[in-house]
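Colleague: what's the 3D shape of this:
(2 chains)
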2 protein chains.
Amino acid sequence: MTSSTTRRALLGATAASAVLAAAGAAGAGTAAAGTARAGQPAGPDIGVLLYDGFSLLDPTGPAEVLSRLPGARVTMIAERRGPVRTDTGDVALLAERSIHEVDRLDVLLVPGAGNRGTVAAMGNRALLGWIRRIHRHSRWTTSVCTGSLVLAAAGLLDGREATTYWASADYLQSEFDVTYRPERYVRSGRIVTAAGVSAGIDMALYLASLIAGDTVAKGVQLAVEYDPRPPFDAGDAADADAALKELALRLLAESQV
Amino acid sequence: MTSSTTRRALLGATAASAVLAAAGAAGAGTAAAGTARAGQPAGPDIGVLLYDGFSLLDPTGPAEVLSRLPGARVTMIAERRGPVRTDTGDVALLAERSIHEVDRLDVLLVPGAGNRGTVAAMGNRALLGWIRRIHRHSRWTTSVCTGSLVLAAAGLLDGREATTYWASADYLQSEFDVTYRPERYVRSGRIVTAAGVSAGIDMALYLASLIAGDTVAKGVQLAVEYDPRPPFDAGDAADADAALKELALRLLAESQV
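Modeller: The predicted structure follows:
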């Protein structure tokens, strides 16, 4: 078999689609961090803020989804360029740009972290200042999990409705002028917050529809075969008993460094 | 507020749970790639094979889930240590070990990739040989998306039932002695294959239950708040019309380098 035959057969043939060009044009924004791919209309410039101790799925789920938007560029950004480690210490994503190199984004995404990482980010004035500056011009400022606590610490959620990780809801409401809503994602103006970890994928599909329309968002959903069928129905804290909640928090705490 | 107060309040208090210790003991295996965390029973040693052009969510969804198992270590492994780029070229995960440094794993996970990355991995004799060697002693050998094509190219799926990315099903069946099943994940002996991209999360929860029992798996599901509620119901290829399939494949092809 030839390489070109293999490539065609492996994922099936594709043909041009007008909806893509239209979505790409609609997605054109104030690109800054990345570079448009040759032959593609400029799409949304998406920046993901990494910081020590982030939870791996928080940035990577949405990045997978949003990277499929026509012309999209996804840039991993941190206080300094280089590897940034997750809450378990086992895995590192590479930050391609420092916050000092990025001053405009169409979409900012702030992931969540374990206790240590979240507390550190909430107290990091350089990060919080950068988030505020980016938010001034962003089309969408978003968070996943305890990332909403970081947005709140930056002062962006004052007087707003938002969601967060289920176990952080009381903290969010008690420490900040925020009304918690137990939804997978909550939109308030240009800000969209997601619930814990995996909720970032749901939020990203919602964002995809806001940026490029429902048809493209559905195309992305099929592209990542997101037809979730977990073997258990245990992911909603509202249905969980105290023992399961305690177990979940223990598993998190013991897996983190 | 003090740091310790903040840390407690932020994610709620936790207490010891007997089920964790039991699960940790049950998960003890033939650790090789990682190092057990101080004070923890040895848990499963999970290795994720990265290769150029992998799809970001394929390894990171399962890694997020499996890293929460008691005592688990997750190691990103590639032909050479260092950054490994995704199919979009935008994002890089760090490989912490080369395949020459790892000869035993409890769990091997092979992610999928775009056309270019999958074809290259299927033709990489060093990778295929390493996969075969690891599989000889692994408890579970697993794949996500087109990762099952890589397992098939390594000769591990001969005569078996398996799943893969929806658009690669015909190719899997025509090129290899494999019976495709359109499920989120398929177990055949010690091998578990998952459907496309996001299906790796469902498979990882199933694996979690096999490794540490249903209770711990449910705890992990709550820990990552996996109560999926996508805004659309477009992720099942069996329900998609030809136009949506074409759009999905175009979005993939145009986002890849």
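Colleague: is stretch A:230-249 in proximity to chain B?
Modeller: Yes. Judged by CB under 8 Å from any CB of the partner chain, stretch A:230-249 and chain B are in contact via A:230-232, A:234-237, A:240, A:243-249. (Glycine included, C-beta is placed from N, CA and C.)
Colleague: quick one: the strands in the stretch 101-250 of chain A, in order.
Modeller: With DSSP state E, counting those that start in this stretch, the ranges of strands along the stretch 101-250 of chain A come out as A:107-110, A:140-143, A:160-162, A:178-180, A:185-188, A:191-194.
Colleague: the nearest residue to A:D87 once chain neighbours are set aside: neighbour count?
Modeller: Of all residues not flanking A:D87 in the chain, A:G114 sits nearest, at 3.7 Å (CB to CB, 6 or more residues apart in numbering or on different chains). Number of residues near A:G114 (other CB atoms under 10 Å in any protein chain shown) recorded here: 23.
Colleague: could you list the low-pLDDT ranges of chain A?
Modeller: Low-confidence regions of chain A, defined by pLDDT under 70, span residues A:1-41.
Colleague: of all residues in the stretch 51-200 of chain A, which one is closest to chain B?
Modeller: In the stretch 51-200 of chain A, the residue found nearest to chain B is A:G196; the distance is 3.0 Å by CB to the nearest CB.
Colleague: now that residue: closest residue in space that isn't a chain neighbour?
Modeller: B:E225 (3.0 Å).
Colleague: can I assume that neighbour is in contact with A:I201?
Modeller: No. B:E225 lies out of contact with A:I201 (CB atoms under 8 Å); the separation is 11.1 Å.
Colleague: those two: which is more packed in?
Modeller: A:I201 (30 against 24).
Colleague: how much space between the more buried one and A:K218?
Modeller: Per CB to CB, to the nearest Å, A:I201 is found 14 Å from A:K218.
Colleague: which stretches of the stretch 1-150 of chain A form helices?
Modeller: A:3-11, A:18-26, A:57-66, A:115-122, A:125-137, A:147-153 (DSSP state H, counting those that start in this stretch).
Colleague: before we move on, the earlier item: from the residues of stretch A:230-249 next to chain B, pick the one nearest B:R133.
Modeller: Each of the residues of stretch A:230-249 next to chain B was checked against B:R133 using CB to CB; the closest is A:P231, at 29.9 Å.
Colleague: which residue packs closest to A:D227, ignoring adjacent ones?
Modeller: B:G235 (3.4 Å).
Colleague: ok, that neighbour - contacts?
Modeller: Shown in contact with B:G235 (CB atoms under 8 Å, 6 or more residues apart in numbering or on different chains): A:Q221, A:L222, A:V224, A:E225, A:Y226, A:D227, A:P228, B:S198.
Colleague: if we use 10 Å, what do you get?
Modeller: Taking CB atoms under 10 Å, 6 or more residues apart in numbering or on different chains, we find B:G235 in contact with A:205, A:218, A:220-229, B:166, B:195-199, B:228, B:248.
Colleague: A:S148 is in contact with A:V178, correct?
Modeller: Yes. Here A:V178 reaches A:S148: they are 8.0 Å apart, a contact under CB atoms under 10 Å.
Colleague: who touches both of these two?
Modeller: Counting by CB under 10 Å, 6+ apart, the contacts common to A:V178 and A:S148 are A:L156, A:L157, A:R160, A:A162, A:T163, A:T164, A:A169, A:L172, A:T193.
Colleague: farthest pair within these?
Modeller: Using CB to CB, the shared contacts of A:V178 and A:S148 span at most 17.7 Å, a distance reached by A:L156 and A:A169.
Colleague: in terms of neighbours, single out the busier of these two.
Modeller: More neighbours surround A:L156 than the other of A:L156 and A:A169, with 24 against 20 (other CB under 10 Å).
Colleague: now the more buried one, nearest residue through space, not along the chain?
Modeller: According to CB to CB, 6+ apart, the nearest residue to A:L156 is A:H135 (5.8 Å).
Colleague: and if you look at A:A208?
Modeller: A:A217 (4.0 Å).
Colleague: kindly report the same for A:T118.
Modeller: A:T146 is the one closest to A:T118 (CB to CB, 6+ apart), at 4.4 Å.
Colleague: neighbours of that neighbour, how many?
Modeller: By other CB under 10 Å, 33 other residues sit near A:T146.
Colleague: thought A:L57 was touching A:P111?
Modeller: Yes. With contact defined as CB under 10 Å, A:L57 reaches A:P111; the gap is 8.6 Å.
Colleague: helices along the stretch 151-257 of chain A, start to end?
Modeller: Listed in chain order, the helices of the stretch 151-257 of chain A (DSSP H, counting those that start in this stretch) span residues A:169-175, A:199-212, A:214-223, A:242-255.
Colleague: what's the shortest one packed up against?
Modeller: Taking 3 or more CB pairs under 10 Å, 6 or more residues apart in numbering or on different chains; DSSP states H and E as contact, the helices and strands that helix A:169-175 lies on are helix A:147-153, strand A:160-162, strand A:178-180, helix B:3-11.
Colleague: at 7 Å instead, please
Modeller: helix A:147-153, strand A:178-180 (3 or more CB pairs under 7 Å, 6 or more residues apart in numbering or on different chains; DSSP states H and E).
Colleague: for that helix, output the C-alpha coordinates as PDB.
Modeller: The C-alpha trace of helix A:169-175 is given here as PDB (Å, rounded to 0.1, in the frame of the first residue of the first chain):
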ATOM      1  CA  ALA A 169     -18.600  26.300  45.600                       C
ATOM      2  CA  ASP A 170     -19.000  27.400  49.200                       C
ATOM      3  CA  TYR A 171     -15.500  29.000  49.200                       C
ATOM      4  CA  LEU A 172     -16.300  30.900  45.900                       C
ATOM      5  CA  GLN A 173     -19.500  32.300  47.400                       C
ATOM      6  CA  SER A 174     -18.100  33.100  50.800                       C
ATOM      7  CA  GLU A 175     -14.900  34.800  49.700                       C
END
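Colleague: which parts of it are buried?
Modeller: Of the residues in helix A:169-175, A:A169, A:Y171, A:L172, A:E175 count as buried by neighbour count, 16 or more other CB atoms under 10 Å in any protein chain shown.
Colleague: re earlier: just put the helices of the stretch 151-257 of chain A in a markdown table and tack on distance to A:L49.
Modeller: Converted to a markdown table, the helices of the stretch 151-257 of chain A look like this (distance: least, CB to CB, whole Å):
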| stretch | distance to A:L49 |
| --- | --- |
| helix A:169-175 | 19 |
| helix A:199-212 | 13 |
| helix A:214-223 | 22 |
| helix A:242-255 | 21 |
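Colleague: ok, back up a step: most widely separated two among the buried residues of helix A:169-175?
Modeller: Across the buried residues of helix A:169-175, no pair lies farther apart than A:A169 and A:E175, at 11.2 Å, counting by CB to CB.
Colleague: what residues are up against A:L251?
Modeller: Residues near A:L251 by CB atoms under 7 Å, 6 or more residues apart in numbering or on different chains: B:R68, B:G219, B:V220, B:A223.
Colleague: the residues you listed: which two are farthest apart?
Modeller: By the measure CB to CB, B:R68 and B:G219 form the most distant pair in these, at 7.9 Å.
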